[in-house]
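Trainee: Okay, here's the prediction I keep looking at, along with the sequence it came from:
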Amino acid sequence: MKSIIVVSGTPGVGKTTLAKLLAKRLNFNYIHIGELAKRIGAVIGYDKERKADIIDVEKVSKYLAGLKPDKEIIADTHVVEAIPPEKVKKVIVLRLDPRKLYERLSERGYPADKIAENVESEVLGTCYIDSVKHFGSDKVAQIDVTEKSIEELIEIASRIITENLRYNEDIDWAEKLGNNLAELLTKIARARFHR
Ligand code: ADP
Ligand code: MG
């Protein structure tokens, strides 16, 4: 049975906030993949530069593939390789204006390197591209969360899941932001190299 809904996106876009509320609304189980990895002993190291756990994606994927859940699962992660594609019903990738992402990550107190890396990933659409590669484009939906309320997001995500709604916003931050994006990227590059 295809029992997993993946909520993905660059760190800071709002995955955990939405995924938890969505699980509550739909009466699904919520799984934070990073926490699950810790619980099942699938954390195999620590990346000091990135200040992030290194996850054994095969181990997590095998674990999830072997689950016989009583309910559907909402999996919260930006590491899509940790999710077994054959179990996945839908993937919802959240996208956020890189300027807003920059603000959020700065507020979180992330180091300059980590801010730069994540903002650049968002600009490139890395999570979306990885999701399409790993799960196939038919399963992947993409939402620009920038101007949407959390209620709107829950509504759209619920329809994607329960009504099989096809939802795929065309998102190209370079095209949309032009010079504003160039300015942001220059700022984060400076912060990175002038420490
Ligand atoms: P992620 O799990 O993708 O890293 P979080 O859910 O932790 O992101 O959200 C990052 C920050 O953005 C948090 O401070 C959260 O309160 C805020 N946030 C998340 N979603 C929204 C939203 N829809 N509107 C405004 N702020 C949000
Ligand atoms: Mg989170």
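Mentor: Right, received. Where do you want to start? Ligands and ions are numbered 1, 2, ... in the order given.
Trainee: How about the secondary structure of Thr146?
Mentor: Here Thr146 is coil, with the state taken from DSSP: H, G, I helix; E, B strand; the rest coil.
Trainee: Show me which residues of the chain are close to ligand 1?
Mentor: Within the chain, the positions adjacent to ligand 1 are 9, 11-17, 104, 145, 150 by CB under 6 Å from any ligand atom. To be clear about C-beta, it is placed using only N, CA and C from the backbone, and glycine gets the same treatment.
Trainee: Could I get the buried residue list for the lengthiest helix in the chain?
Mentor: With secondary structure taken from DSSP state H, the chain has its longest helix at helix 179-193. Using 16 or more other CB atoms under 10 Å as the test for burial, helix 179-193 gives 181, 184-185, 188, 191.
Trainee: Could I get the average pLDDT for that helix?
Mentor: For helix 179-193, mean pLDDT is 93.
Trainee: Need the residues that contact that helix.
Mentor: With contact meaning CB atoms under 8 Å, 6 or more residues apart in numbering, helix 179-193 is reached by 98-99, 102, 112-113, 115-116, 119-120, 123, 173-174, 177.
Trainee: Please spell out the PyMOL selection for the buried subset of those.
Mentor: Buried residues among these (16+ other CB under 10 Å), as a PyMOL selection:
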select buried, resi 98+99+102+112+113+115+116+119+123+173+177
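Trainee: Counting only helices, which of the contacts of helix 179-193 make the cut?
Mentor: Per DSSP H, the contacts of helix 179-193 map to helices at 98-99, 102, 112-113, 115-116, 119-120, 123, 173-174, 177.
Trainee: just to revisit the earlier point, for the longest helix of the chain, output the C-alpha coordinates as PDB.
Mentor: Extracted in PDB, the C-alpha atoms of helix 179-193 (Å, rounded to 0.1, in the frame of the first residue of the first chain):
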ATOM      1  CA  ASN A 179      18.300  42.000  -9.700                       C
ATOM      2  CA  ASN A 180      16.900  41.500  -6.200                       C
ATOM      3  CA  LEU A 181      18.100  38.000  -6.300                       C
ATOM      4  CA  ALA A 182      21.500  39.000  -7.600                       C
ATOM      5  CA  GLU A 183      21.800  41.400  -4.700                       C
ATOM      6  CA  LEU A 184      20.900  38.700  -2.200                       C
ATOM      7  CA  LEU A 185      23.300  36.200  -3.600                       C
ATOM      8  CA  THR A 186      26.100  38.800  -3.500                       C
ATOM      9  CA  LYS A 187      25.300  39.600   0.100                       C
ATOM     10  CA  ILE A 188      25.400  35.900   1.200                       C
ATOM     11  CA  ALA A 189      28.600  35.300  -0.700                       C
ATOM     12  CA  ARG A 190      30.200  38.200   1.000                       C
ATOM     13  CA  ALA A 191      29.100  37.100   4.400                       C
ATOM     14  CA  ARG A 192      30.500  33.700   3.700                       C
ATOM     15  CA  PHE A 193      34.000  34.800   2.700                       C
END
